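Student: need a structure here:
(2 chains)
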Amino acid sequence: MNLRRDVFQAIADPTRRAILVLVATQSMTAGAIASNFDTARPTVSKHLQILTECELLKQEQNGREIYYHLNPQKIKEIADFIEPFCNMWDDRFNKLENIMKNYTSKKQ
Amino acid sequence: MERKTKIDAEDGKQEIMITREFDLPLELLFKAYVEPEIVEQWMGTKVLKLESKKHGSWQFVTTDHQGNKHDFNGVIHEFVPNQKITRTFEMENTPFPVQLEYLEFEKLTDNTSKLTIQIVYKSISDRDQMLKLPFAQGINMAHNRLQDIFTKQK
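Tutor: This next block holds a predicted model:
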């Protein structure tokens, strides 16, 4: 298993994003997922492997079948990735605002 | 506290928009971008050069928590007081390509103003990398803090 696999690289691929959308509503087997794509079955398997490695998908054994479902925890991490960037700018601008408010009072 | 800064990073575009409204008169907001000693305070950087005029250039150096120095520089293309600044931004010694920044300053009322920054990147993936940077740094910092705690416990 490749632990260094990047989640952002995983979702950069349109097929992999389509897979995530597919399994968002219900757990599906690899076969059922593959039937939604024109791409060869091994290609879809490779995509599933990558998505599972970075924990965006979880596997669940149900009888003889393996079902794939979404890992909401991991999805949330991605949704939040822009947060630190926003916070960085917000902190900076709050600082700017405070400094300039004092700047006026100093002048008065 | 509610966040007053808004970031728009539309999918599939190589730019971002940052907007923020300030409880400051337009002139004071603009001053914060021009006076080197004020820039130093809110940006947390050292200003080596800041030539606020067309064809001018700027150069900042920032020291991080580990004492490493990071150099930033760029050229100023447009400078209209209390209206706009157009400039480039480069992080030296990094693989990130130069980015282009359009800053627009607007008066809302006598005591409030708005800043809109459009940043254009070389490619969509460069933009996404930059957006992820503070996220990655946050993880690294948390990791370093953990390491500190563990080393102290030994």
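
Student: low-scoring stretches of chain B, by residue?
Tutor: Scanning chain B for pLDDT under 70 picks out B:1, B:136-154.

Student: Excluding chain neighbours, what is closest to the spatially most central residue of it?
Tutor: Among the residues of chain B, the one closest to the centroid is B:Met43, at 7.6 Å (C-alpha atoms, centre = their mean). In space, not counting the residues next to it along the chain, B:Met43 is nearest to A:Arg92; the distance is 6.6 Å by C-beta to C-beta, 6 or more residues apart in numbering or on different chains. Placement of C-beta: from N, CA and C, glycine included.

Student: isn't that neighbour right up against B:Trp42?
Tutor: Yes - counting by C-beta atoms under 8 Å, A:Arg92 touches B:Trp42, with 5.9 Å between them.

Student: Looking at these two, which one has more neighbours?
Tutor: Relative neighbour count places B:Trp42 above the other of A:Arg92 and B:Trp42, with 19 against 15, counting by other C-beta atoms under 10 Å in any protein chain shown.

Student: I figured the more buried one was touching B:Ala32, is that so?
Tutor: Yes - counting by C-beta under 8 Å, B:Trp42 sits close enough to B:Ala32 to count as a contact (6.4 Å).

Student: Quickly list what's touching both of these two.
Tutor: Taking C-beta atoms under 8 Å, 6 or more residues apart in numbering or on different chains as the contact rule, the neighbours common to B:Trp42 and B:Ala32 are A:96, A:99.

Student: sorry, back to before: and the residue nearest to the centre of chain B, how far from B:Leu100?
Tutor: B:Met43 sits 19 Å away from B:Leu100 when distances are taken as C-beta to C-beta, to the nearest Å.

Student: what does chain B put close to chain A?
Tutor: Residues of chain B found near chain A (C-beta under 8 Å from any C-beta of the partner chain) are B:3-5, B:7, B:9, B:18, B:20, B:22-24, B:28-29, B:31-32, B:38, B:41-44, B:115, B:125, B:128, B:131-135, B:137-138.

Student: Apply 7 Å and report the result again.
Tutor: By the rule C-beta under 7 Å from any C-beta of the partner chain, the part of chain B lying against chain A is B:3-5, B:7, B:9, B:18, B:20, B:22-24, B:28-29, B:32, B:38, B:41-43, B:128, B:131-132, B:134-135, B:138.

Student: are any of those residues buried, and which?
Tutor: Members of the residues of chain B next to chain A that pass the buried threshold by neighbour count (16 or more other C-beta atoms under 10 Å in any protein chain shown) are listed as B:5, B:7, B:9, B:18, B:20, B:22-24, B:28-29, B:32, B:38, B:41-43, B:128, B:131-132, B:134-135, B:138.

Student: Please parse chain A into its domains.
Tutor: Per automatic domain parsing, the domain ranges recorded for chain A read A:7-70, A:82-108.

Student: Look up how far chain B lies from A:Ser35.
Tutor: For A:Ser35, the distance to chain B under the criterion C-beta to the nearest C-beta, to the nearest Å works out to 27 Å.

Student: Any idea how many residues pack against that residue?
Tutor: Summarising burial for A:Ser35: neighbours were counted as other C-beta under 10 Å, giving 11.

Student: ok, now which ones touch it?
Tutor: Contact criterion C-beta atoms under 7 Å, 6 or more residues apart in numbering or on different chains gives no residues in contact with A:Ser35.

Student: residue ranges of the helices in chain B, please?
Tutor: Taking DSSP state H to define them, one finds helices in chain B at B:26-31, B:36-43, B:124-153.

Student: Show me which positions of the host helix or strand of A:Leu20 end up buried.
Tutor: Assigned by DSSP states H and E, A:Leu20 falls within helix A:14-25. The neighbour-count criterion (16+ other C-beta under 10 Å) identifies A:16, A:19-20, A:22-23 as the buried residues of helix A:14-25.

Student: between those, which is nearest B:Lys69?
Tutor: Minimum distance to B:Lys69 across the buried residues of helix A:14-25 is 39.2 Å, recorded for A:Arg16 (C-beta to C-beta).
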